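Engineer: Give me the fold of what follows.
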Amino acid sequence: MTLRTTFIGAALAVAAAAPLAAQELKFANFTPPFHTVNASVIEKLNADLSAATGGSLTVRGYHGGELGAGPVEQYVRAVQGVADITWGLPGYTSQQFEKTMIVELPGVVPAGKTGSDTLCDAMDEISGEFPGTVPVALWTSEPNIMIMKDKVVRTPADLAGLKIRVAGATAGKVAEALGATPVQMPINQVYNSLQTGLIDGVFTGASTLSDFKLDEVADAFTLNAPLGRLAFFAVMGQGSYDALSDEAKAALDEARGCALGNNAETAWNATADAALEAARADAGNTFVDLTTEEAQAFEDAVANVVAEYVSSVGGEAALAAMQN
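Structural biologist: Here you go, the predicted model:
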C-alpha cells in the first residue's frame, strides 16, 4: 500500500465519521429580541432542533427587522426565501387568511381550550391559506383588552366616534359594532400613534404593554369586554423546507406544530399577566374591570359579528372544526 492510498483511505474514513455539515436556519423577527416570541418560539425551536440533530441543524433569530423592515411583509419573506422562517399576524393581510381569522372573533375559542389547539383542529379547513410555506406554529394571544390614552371606557357609548387601532378585519368588525372607528395599522406604529393622538386606543392583548412598551403612553384599561384575541403564525418557506435533509426534515416535523404553538401561547399569557400587574401598580393608570352585568352591554353589541363574518367568508366548516 502506497503512502498516497493510505492517506486517501484515512481521509475517507474521517469524512464518513464526520457529522453532516451544520445548517443554520434564518428566522426573521420584526420585533426586538426582548419580545416574547424570541424565547417561546425562536430559541425554543433552536434548542429542540439542535438537540434532535446533534447540533447539525440550528435556528438563528434576526431581530428588529434585520432581514427587512415592516411586519406586514413577513409571510412574503418566507415564500421568497429572504428568511427561512418568519412570524407574523394573519390580520395584517386579512384577505389571505379569512378563515384562519375566525379564531380571533369573540367567543370562538371554547372555554378550556387554547387558541393553538383551536387552530390545529381546523387545519384541514384553513391550510389552503398558507401557500408556499410549511406552518411551523399557530397560536393566539391572551384575550384582547382596551388600552386607551385619556379615555376611560365603561360602556359601549364611551367608544362612540373614538379611533381604535385594530390589527385586522375581524377586530375591525368588533370595533365598528361597538361604535368606534377602526384604524388598521401594524403594532410597531401604535406607540407613536397613541402618543400623538392619531388614535385614542387599541384593542389588543395586555402583552403589548411590555413587548411594545405601550404602558409608557396608555393610561386607561378596560378588561372583560368580549373583544376576541389576535392570531399569529410562524411559517417556513417551502423551498427552505424542501432543501433540508431527511434527518433535518424529521427533526423539524417533530419540533413544529401544536406543541410549539401552545408554548408560545403560554408565554404570551404569562407576559400579559406580568404586564397587567405592573400597570395596575402605576397610580397614574385607571382600570375598569367590567362585571358580568356591565360586560353584557358589550356582548349584546357584538352579538351578530361572528355569524356575519363567518357567513361572509364561507367559514362555517372552519368554525365547526375550531369549536369541535
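Engineer: drop to CA atoms for contacts and neighbour counts, all remaining ones
Structural biologist: Will do.
Engineer: Mind checking which residue lies nearest the centre of the protein?
Structural biologist: Centroid-nearest residue in the chain, with C-alpha atoms, centre = their mean: residue 232, separated by 2.5 Å.
Engineer: For the nearest residue in space to it that is not next to it in sequence, give me its contacts.
Structural biologist: Once flanking residues are discounted, residue 232 sits nearest to residue 89: 4.6 Å by C-alpha to C-alpha, 6 or more residues apart in numbering. By C-alpha atoms under 8 Å, 6 or more residues apart in numbering, the contact set of residue 89 is 72, 167, 230-233.
Engineer: still on that earlier bit, show me what contacts the residue nearest to the centre of the chain?
Structural biologist: Residue 232 touches 87-90, 138-141, counting by C-alpha under 8 Å, 6+ apart.
Engineer: can you rerun that using 10 Å?
Structural biologist: Listed by C-alpha atoms under 10 Å, 6 or more residues apart in numbering, the contact partners of residue 232 are 87-91, 100-101, 104, 115-116, 137-141, 261, 264-265.
Engineer: Residue 156 contacts residue 174, correct?
Structural biologist: No: using C-alpha atoms under 10 Å as the test, residue 156 is too far from residue 174 to be in contact (11.2 Å).
Engineer: Separate out the buried members of the contacts of residue 232.
Structural biologist: In the contacts of residue 232, burial by neighbour count holds for 87-91, 100-101, 104, 115-116, 137-141, 261, 264-265, counting by 16 or more other C-alpha atoms under 10 Å.
Engineer: So what's the residue count around residue 130?
Structural biologist: Neighbour count for residue 130, taken as other C-alpha atoms under 10 Å: 16.
Engineer: How about the contacts made by it?
Structural biologist: Neighbour list for residue 130: 75, 79, 96-97, 100, 233, 235 [criterion: C-alpha under 10 Å, 6+ apart].
Engineer: Dump those into JSON lines; add distance to residue 162, secondary structure and pLDDT as well.
Structural biologist: JSON lines is the format used below for these (distance: C-alpha to C-alpha, whole Å; DSSP: H, G, I helix; E, B strand; the rest coil; pLDDT from 0 to 100):
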{"residue": "75", "distance to residue 162": "31", "secondary structure": "helix", "pLDDT": "98"}
{"residue": "79", "distance to residue 162": "37", "secondary structure": "helix", "pLDDT": "98"}
{"residue": "96", "distance to residue 162": "28", "secondary structure": "coil", "pLDDT": "98"}
{"residue": "97", "distance to residue 162": "27", "secondary structure": "coil", "pLDDT": "98"}
{"residue": "100", "distance to residue 162": "28", "secondary structure": "helix", "pLDDT": "98"}
{"residue": "233", "distance to residue 162": "30", "secondary structure": "strand", "pLDDT": "98"}
{"residue": "235", "distance to residue 162": "35", "secondary structure": "strand", "pLDDT": "98"}
